[in-house]
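A.B. asks: show me the folded form of this:
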Amino acid sequence: MTEILQKKLSDSAAARWTALIVVSFTMMCGYFITDVMAPLEELLLKSGWTSTEYGIFTGAYGWFNVVLLMLIFGGIILDKMGVRFTGKMACILMVSGALIKAYAVSDLFPLDGTLIGYRAQLIVACLGFATFGMGVEIAGITVSKIIVKWFTGHELALAMGLQVALARVGTACAMAFSFPLARAFDSIAAPVLLGALLLCIGTLSFFVYCVMDKKLDASAETIVSDTAKEEGFKLKDIKMIVVNKGFWLIALLCVLFYSGVFPFLKFATKMMIYKYHVDPELAGTIPALLPFGTILLTPLFGSVYDRVGKGATLMLIGSVMLIVVHLMFALPLLNVWWFATIIMIVLGIAFSLVPSAMWPSVPKIIPQKQLGTAYSLIFWVQNWGLSGVPMLIGWVIDKYATIQMPDGTLSYNYSIPMSVFAAFGLLAVVVAFMLKAEDKKKGYGLEQANMQKKA
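C.D. replies: Next up is the predicted model:
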């Protein structure tokens, strides 16, 4: 994208905000599917699954992204082929994976088969979730690059914050409504099928954006000569990214912080039932407070970063709050619903602080022509956590947290699992301090405002 073209697109406030809303709706639908099974863990356990199997299923989200490097390839495709081609590809993968996942947990799937030593239902559900995970992560880096394209020099952090906020609406709806839907239709597949339908609408939404983007590009090209264009992305640019210490600090902070949040949400509903004695019908509403809280706070903190700066400081504060929250969940005190609600709200504040500053900081460290690959590498590192941590926590719960009651029923002690999450927060604080020091040394401008001052 040339400097002239960038200015042409970003000067139209109506165009850039419309584009943001359209692509954010697509991601909102995607995040509904991402977390639609989280409130259903108890139903899956009653149908014969174990916590370890649930952890394997949850971790399958990143299988293709991590092991097959599909997310990295997706970033390279994004920088080479552009946002329209890559976004369409990602949407098709998301819909396909969601449908496979819905079939695997539906009554149509035979329950007596096995594959590679595991129940066939589990393996097929994992493959569907892995396919979906590949699509939604590639969609995520595509939307990030779209926002940078339209909002550089303007309300970049606010725009990214609003996109994250709308994505959290999808997560919140999944946490709050999946269990009641499954109960109402007497089917675990019902909320998954609803998510697949919403995702089809989200895909159409992205196709609408493609029409807008193509028309805007075509109108701008009339004033840009071929010689004015920037040199495009080349494979050698990957080396320039991976030797950048600031990039790796952002990537490590991302995987550590998100490993303390997203995997936690997968197990939070069951914790509300057994530790805080919340009715299963309502247990998902307390974890849903976390994404609902970010809807307002993430854009707010993003606006602070745009106008005031202090991005590295915001990331550090959010990481410290993550430790406090999980220690509170780990301690055997005040096991009542209102205390869990307060802690979840605090986690929501932390979950707003870090992303609102982290994602807009990447363009300050990496040139725009390399952003697709840079975001994909960060998401790839993040997917190691999103794949491995749920499997770890599922195993920890089965091994150290499961209690056999005298009447033969099971209960759970969440002190050790929550301590594991707190450890991720501690490591995130260390990396946040290192990033703050590196910014001071290299002058990335993470503590400076994003919005360009008018002459």
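
A.B. asks: off-centre distance for stretch 180-196?
C.D. replies: 22 Å (CA atoms, centre = their mean, to the nearest Å).

A.B. asks: run the chain-centre distance for whichever strand or helix holds W150.
C.D. replies: In this assignment (DSSP states H and E), W150 forms part of helix 120-151. Computed by CA atoms, centre = their mean, the chain-centroid distance of helix 120-151 equals 9 Å.

A.B. asks: now stretch 145-161
C.D. replies: 18 Å.

A.B. asks: over to stretch 273-290?
C.D. replies: The chain centre lies 21 Å from the centre of stretch 273-290; the measure is CA atoms, centre = their mean.

A.B. asks: so which bits of that stretch are buried?
C.D. replies: 273-276, 278, 283-290 (16 or more other CB atoms under 10 Å). Every residue, glycine included, has its C-beta placed from N, CA and C.

A.B. asks: pLDDT, secondary structure and distance to L198 added to these, as JSON lines?
C.D. replies: What follows is those, written out as JSON lines (pLDDT from 0 to 100; DSSP: H, G, I helix; E, B strand; the rest coil; distance: CB to CB, whole Å):
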{"residue": "I273", "pLDDT": "92", "secondary structure": "helix", "distance to L198": "27"}
{"residue": "Y274", "pLDDT": "92", "secondary structure": "helix", "distance to L198": "31"}
{"residue": "K275", "pLDDT": "92", "secondary structure": "coil", "distance to L198": "31"}
{"residue": "Y276", "pLDDT": "93", "secondary structure": "coil", "distance to L198": "30"}
{"residue": "V278", "pLDDT": "92", "secondary structure": "coil", "distance to L198": "27"}
{"residue": "A283", "pLDDT": "87", "secondary structure": "coil", "distance to L198": "23"}
{"residue": "G284", "pLDDT": "84", "secondary structure": "coil", "distance to L198": "18"}
{"residue": "T285", "pLDDT": "87", "secondary structure": "helix", "distance to L198": "20"}
{"residue": "I286", "pLDDT": "90", "secondary structure": "helix", "distance to L198": "23"}
{"residue": "P287", "pLDDT": "88", "secondary structure": "helix", "distance to L198": "20"}
{"residue": "A288", "pLDDT": "83", "secondary structure": "helix", "distance to L198": "17"}
{"residue": "L289", "pLDDT": "85", "secondary structure": "helix", "distance to L198": "22"}
{"residue": "L290", "pLDDT": "81", "secondary structure": "helix", "distance to L198": "21"}
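
A.B. asks: reformat those residues as CSV; add distance to A157.
C.D. replies: Converted to CSV, the buried residues of stretch 273-290 look like this (distance: CB to CB, whole Å):
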residue, distance to A157
I273, 37
Y274, 39
K275, 36
Y276, 35
V278, 35
A283, 34
G284, 30
T285, 30
I286, 29
P287, 26
A288, 25
L289, 24
L290, 20
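
A.B. asks: list the contacts for the residue nearest to A139 when sequence neighbours are not counted?
C.D. replies: Spatially, and ignoring its direct neighbours in sequence, A139 is nearest to A90 (3.9 Å; CB to CB, 6 or more residues apart in numbering). By CB atoms under 8 Å, 6 or more residues apart in numbering, A90 lies in contact with G74, G135, V136, I138, A139, T142.

A.B. asks: recalculate using a threshold of 10 Å.
C.D. replies: The contact partners of A90, by CB atoms under 10 Å, 6 or more residues apart in numbering, come to 26, 30, 74, 77-78, 134-143, 203, 206.

A.B. asks: just the strands in the stretch 101-250 of the chain please.
C.D. replies: Remark: strands assigned in the stretch 101-250 of the chain by DSSP state E, counting those that start in this stretch are 114-115, 118-119.

A.B. asks: so of these, which one's packed in deepest?
C.D. replies: Comparing the strands of the stretch 101-250 of the chain by mean neighbour count (mean count of other CB atoms under 10 Å), strand 118-119 comes out on top with a mean of 14.

A.B. asks: check the offset of it from the chain's centre.
C.D. replies: Offset of strand 118-119 from its chain centre (CA atoms, centre = their mean): 28 Å.

A.B. asks: mean confidence for that strand?
C.D. replies: The average of the pLDDT scores along strand 118-119 is 86.

A.B. asks: do the same with stretch 306-319
C.D. replies: 93.

A.B. asks: same thing with stretch 194-209?
C.D. replies: Rounded mean pLDDT across stretch 194-209 is 94.

A.B. asks: export that stretch as CSV, just CAs?
C.D. replies: Extracted in CSV, the C-alpha atoms of stretch 194-209 (Å, rounded to 0.1, in the frame of the first residue of the first chain):
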residue,chain,number,x,y,z
LEU,A,194,-26.5,-21.7,15.9
GLY,A,195,-22.9,-20.5,15.9
ALA,A,196,-22.3,-22.0,12.5
LEU,A,197,-25.4,-20.2,11.2
LEU,A,198,-24.1,-16.9,12.6
LEU,A,199,-20.7,-17.6,11.1
CYS,A,200,-22.3,-18.0,7.6
ILE,A,201,-23.8,-14.5,8.1
GLY,A,202,-20.4,-13.2,9.3
THR,A,203,-18.8,-14.6,6.1
LEU,A,204,-21.3,-12.7,4.0
SER,A,205,-20.4,-9.6,6.0
PHE,A,206,-16.7,-10.1,5.1
PHE,A,207,-17.7,-10.4,1.4
VAL,A,208,-19.4,-7.1,1.7
TYR,A,209,-16.2,-5.6,3.1
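
A.B. asks: in it, what counts as buried?
C.D. replies: By neighbour count on 16+ other CB under 10 Å, the buried set for stretch 194-209 is L194, G195, A196, L198, L199, C200, G202, T203, S205, F206, Y209.

A.B. asks: output the below-cut-off pLDDT ranges for this structure.
C.D. replies: For the chain, the stretches with pLDDT under 70 are 1-11, 216-235, 452-455.

A.B. asks: helices of the stretch 301-450 of the chain, start to end?
C.D. replies: Taking DSSP state H, counting those that start in this stretch, the helices of the stretch 301-450 of the chain run over residues 311-330, 337-365, 371-396, 415-442.

A.B. asks: for the stretch 101-250 of the chain, same thing?
C.D. replies: Counting by DSSP H, counting those that start in this stretch, the stretch 101-250 of the chain has helices at residues 120-151, 156-185, 189-221, 237-242, 245-259.
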